[in-house]
Each structure stands twice: as structure tokens, then as C-alpha cells.
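Peer 1: here is the input, now give the coordinates:
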Amino acid sequence: MSFKASNHIRRLFLHSASSSSYKCPPPPPLMFSFSWGRIGFSPLRHPPRHRLLSVKAAGVSPHTFMEVTKAALARASASHESVAIRAENKSYNYVQLISSALKISNFLCSEGLKTMQEGKNGRFSFAEGNHGAGYLHGARIGIVAKPSAEFVAGVLGTWLSGGVAVPLALSYPEAELLYVMNDSDVSILLSTQEHRELMENVAVKSSAYFSIIPDVNSITSGTSFDAQSGKGVTDLLTNLMVEIDSLRRAEGDDPALILYTSGTTGKPKGVVHTHKSIISQVQILAEAWEYKCTDQFLHCLPLHHIHHHVHGLFNALLAPLYAGALVEFMPKFSVRGVWQRWRVSYPKDGSKADDAITLFTGVPTMYSRLLQGYETMEPDLQAASALAARQLRLMMCGSSALPYPVLKQWEDVTGHRLLERYGMTEFVMAISNPLHGIRKAGTVGKPLPRVEVKIIADDNEAGAKGVGELCVRSPSLFKEYWKRPEVTEESFTDGGFFKTGDTVTVDEDGYYIILGRSNADIMKVGGYKLSALEIEAVLLEHQAVSECCVLGLPDKDYGEVVCAVIVPHEDAKRRAEQDLKAAISLEELVNWSKEKLAPYKIPTRLFLWETLPRNAMGKVNKKELKKLLAE
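Peer 2: Here you go, the predicted model:
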């Protein structure tokens, strides 16, 4: 296959900016073509048992994400200032990232072969096959690094070597790190120098080989290729392309990534994504949200958190890189830092900085905190901040339900109706409000391109309307749960749809409404099935309510009763202290709710707390909370 033959690679270069006549530069004419040949891993030791999906979606290419690396190099030769990553005031172009990835790949293959020959670790899989020795054949490689160029190089290097990337979070307690590493049979643990001491100790305990990810060279002042001559740049690009082309290749159906779910029903499960599912997803997102090579994405999300990797890893990193966009990491979310970055992008004089941010995505708690920070600003700073935020092309929100008051206030301040969407680790993104068109509050939109969804009611009857469990079939579906064939089998319908466990309905315009997790957000009260998310959205409209969580508690008469856990606003707490009473009483809440909720939906139990226990992605674990309140 040559570059000319690849439609999705051509799209990588030919996206045009909607608000400008500038077009992303096409790759230069190549004096040689690349034959990709057969590219693949040996099968996993635990082959999947679930029903194989036959996806015949037009426009989906059965390629791997690594093909994008060669497209990126071709693009780099057309524009020597092609920056891919910016982090901590340093910039990194595609050549530097891929050069580092190749070094990591060469190390992994040589160290893996050495380890196998010396018998130090039984976790390597150098099976005989089309690839021969010096290829990892699906060995799992743990990667521990903050959002950085080194993290990206580590993932790409793992894929180039034939390994499966297992991103790990620094926030994991040691017991959780060891569980994930042992469960996924991690052979080599890659980490950066700053975490060496901690990760070396973990590697020893899990019998994994430890190695440092080398620092990626950044762009020096005023140059992108360390002041190399034009011929030097051309020679470097040619050498990199030849080296990539000489490597053994993975097939689309081979494993590339294992992400661990939150394990709300037991120990975390490893979700295995293939090269094909990854490239399918980034193509879908780049198409639906019109990512362009002129975009610059401010990235403030975890890349490897056990609860929601897909938001930070796919939506905000792999898909933008696929489109040739620039990703700027802010490793730790900062309210002041985000507002400042937007103001620098779009000064008060109406100009636009060369490195201006155009895309941003976050979780609801991020937007709540940004609004709180905005409210503390002086009027002049508020005006400058709001003006700057209005200039971004797109702002998105996900990972948990967005309270309507937050959505409305954000729109009032910035002019942006946040784009809400729906996804899971198992298929990444499936449903989204439109980029162009009406974004309906309280919904997650309609199915993305090439994604099929259906609702299955309790009687196992499928229907387009009504209430039931959402099931998804998509080219981005995962391959299997690692070493859990029975669970994998149970998670799919006979037709190859993945059962999400989320209860949904559809409105008159075809927009999907998430009513909640079937096992956490759906309450059965006196014969009624109630959505906790619906009730939460109403309670958040009360002037005294800052945060709330609604769940069902056991009751001998009704099965369950509606319980509300509320965090009052600071103003309400101050008034309550002055009046020597609660910030809000159950009686007050019931009376207020009568005009907004059906009688059987009104909370009958109330708890006032200082904060709600949330994970790193801002979600409340209702199962644990329910156990605590039921004691």
C-alpha cells in the first residue's frame, strides 16, 4: 500500500480550517512507495470467545495507528515547524517523537529477546511466526509517565515493537499497581526518571524488567530540527521512514492496548483494544468533531486513570494527533492556569496568538471549578476571560452527567453550549451531540458515524423507543476482557452488540438520554423505576444546593426509597449558621420539589455533607456510598 492509496492518511493532510483559507499541507511527492505487507502479532494466550463482529462500514480502513506515524513524517517534511506536543514550555515535533519511539522499540525488542534467552522472565511471548525473533508478539509493556512527550513516545515505541501498551497511573496505590501489572502479565515497566525509585521497587515486586523512558529532545529555540540543513532534514526523514518500513508489523485485529475498568462489580478488568479498534475510533472522532491540523488542544485530563482513560487518551490525544493537530499538556488541571492560557491565546486587543488554543474538553467538576474561579475575578479580568473563552472553536464535556445549571451558566459566560457525548472503556465513544446543529441539554446526542445502537427492554425485546439497556455495535469495540472469556461472552448479545449496563431512553428527536447505570442509578420505588440522574438534575436547580447525589436505599415497604445527599452552597451554609438551623431541611426540600417532581420521585431521606467522595474523574461511586448509608 502506498501513501496515495490510503484515503484516511490523505485526509490527515487535507482537512481545511472552517474559519480560514489555510489548508493543512499535503505530504510532499514521495520518490518511493511503501509496501506494508503482512503485519501482525501472534494470537494472545487467552483467545476471545465472544461472537466476532462483522463490520462492513463504508470508509473504515483496516489499518493500524502506526501508519499514521509515516504520514506524520511525510507531513513533517512538508512543514518543518510541524509541532505535535507541547508540555511545560517545550515543543516536540513528529520527527522527535517518532525518533524516540524507534529507540524505545529497538530497546524493547533487544531486551525482550535477551530476557527470554536468559530465562529471567516467563512473560515474554517470542513465538515463532511471520515476525521471528526481536519482536514482542503481544508482550505487555507497562507505561508510567505523566502526560508528556515521553508518554506518547512510550506508547508508540511499544506498538512499533509489537507490544501491548498498559498505561498505569501514578495515583494508583501500590497494591492496585501490582494487581494490574500481575493481572496483565506486564513484562517490562517503562517510566520516567522522576519516578524511578518508586517504579523500580514495583517492578521488582511484580517480576517485571524496569527501564527508563529516555527524554524526548525538544525543539530548540528558533529551529525544529536542531539547526540541521535542508538536506540533513530530508536524510533524517528518509532514514526514519525506511526504519519504520523495515519493522515487523501488527495486523489490525491484533492487541495494542489494555485499559483497566474501575471494577465496581469486583476486581478491575483489562479491556483489550486492537490496532483496528483504535484507528477506527480516532477516524470516527476526527470526522464527527472535525479535528484539523490547525487545531491546538489544551489537554488537562488523565491519560491512564483506572476510571476513565478514554476521555484523555482517545478524545484529547490520539484523535487530535491522527488529525495532525497539536496537543498541549497541562499535567495538573489548574483553574487559574486554564483561564490564563485562554487569555494569552486571545488578548483583549482582538488578536490571536500563533499558539492559540482552539479545543478544550473536561469533566463537569472542571467546568464547575472554572466557573467558581471566574466568579472570584475582578470585573476587568472576567471580561477578558469570557472574551477569550468565546474564541475557542469547540468545548466538550463528558465522563459524568453535566448538571443543567452548570451548562447554562457556562453558556452565559462563554457563549459555548458544551458538547456532551457518551462513551465507555469498551468502545470509547458511541453517541454525541452534533458539532453543527442543536445540542440538547440532558441528552448525549445521537450515534456517531458507523456506530449502531439499540435499546433492549427487561423482556429482552429490542425497540427504538421506550426504556431499556443500551447496546452498542461499533468498529471501535474492544476485543475481549483480558483472561476473562466467560465475562466477555456474557457481555455481548447474539447479534454482536455490547451490553453497556446503562439504562437509556430516546426523545422525540432521536436524542439519547442516559437514565443511569442499571445497577447504580436506577431505583425501584414502590413499583416505579426511577432515574437518579433525572432527580439530581432537578435538585441542582435549588438555590441552596451546590452538589448532590441521589440513590435508592433499602426499604421493607417500598423496596427502595429515594435518598438525597446534598452539599449546600457556601451562602446557604453561612445563613444557616447565623439562623442556627440546617442549610436545607427535608421538609423544605419536599415542598420545593412538589412543583418539579412526581410525588414518588421526591426524596424522603436527606443527608447534608461537606463534600461528596469523588474519584479523579469527578465521579461518585454510588455502590460504595450506598453501602455506607445503609449501615
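Peer 1: what about Ser110, how many neighbours?
Peer 2: 12 (other CB atoms under 10 Å). All C-beta atoms are positioned from the backbone trio N, CA, C, and that covers glycine.
Peer 1: surely Gly442 and Ile513 touch.
Peer 2: Yes - if you go by CB atoms under 8 Å, Gly442 and Ile513 touch, sitting 6.3 Å apart.
Peer 1: what sits against Phe210?
Peer 2: Ile188, Leu189, Ser191, Met199, Glu200, Ala203, Val204 (CB atoms under 8 Å, 6 or more residues apart in numbering).
Peer 1: switch to 7 Å and redo it
Peer 2: Phe210 is in contact with Leu189, Met199, Glu200, Ala203, counting by CB atoms under 7 Å, 6 or more residues apart in numbering.
Peer 1: could you measure from the second one over to Lys332?
Peer 2: Met199 sits 19 Å away from Lys332 when distances are taken as CB to CB, to the nearest Å.
Peer 1: between the two, which has more neighbouring residues?
Peer 2: More neighbours surround Met199 than the other of Met199 and Lys332, with 24 against 9 (other CB under 10 Å).
Peer 1: hang on, Ser187 packs against Ala139?
Peer 2: Yes - taking CB atoms under 7 Å as the definition, Ser187 is a contact partner of Ala139 at 4.7 Å.
Peer 1: those two: which is more packed in?
Peer 2: Per other CB under 10 Å, whichever of Ser187 and Ala139 has more neighbours is Ser187, with 29 against 26.
Peer 1: what are the phi and psi angles of that one?
Peer 2: phi -90, psi -40 (degrees, to the nearest 10).
Peer 1: begin at 225, not 1, for the rest of this chat.
Peer 2: I'll keep to 225 as the first residue from here, and by that count the last item is Ser411.
Peer 1: report how many residues lie close to Glu602.
Peer 2: Neighbours of Glu602 using other CB under 10 Å come to 8.
Peer 1: and if you look at Leu659?
Peer 2: 15.
Peer 1: now swap in Met601 and tell me
Peer 2: 15.
Peer 1: next one: Arg617
Peer 2: With other CB under 10 Å as criterion, Arg617 counts 21.
Peer 1: contact partners for it?
Peer 2: By CB under 7 Å, 6+ apart, the neighbours of Arg617 are Thr582, Leu583.
Peer 1: picking that back up, tell me the two of the contacts of Phe434 that are most distant?
Peer 2: Leu413 and Glu424 (8.5 Å; CB to CB).
Peer 1: those two - which one has more neighbours?
Peer 2: Leu413 (24 against 15).
Peer 1: on the three-state scheme, that one is what?
Peer 2: Put simply, Leu413 is strand when judged by DSSP: H, G, I helix; E, B strand; the rest coil.
Peer 1: bridged to it, which residues?
Peer 2: Gly366, Phe434 (DSSP bridges).
Peer 1: could you report the pLDDT at it?
Peer 2: Turning to Leu413, the model gives it a pLDDT of 96.
Peer 1: please report how far it lies from Glu398.
Peer 2: On the measure of CB to CB, Leu413 and Glu398 end up 13 Å apart.
Peer 1: joint contacts of the two?
Peer 2: Val426.
Peer 1: one step back: narrow the contacts of Phe434 to those in helices?
Peer 2: With DSSP state H as the criterion, helices contain Met423, Glu424, Ala427 from among those.
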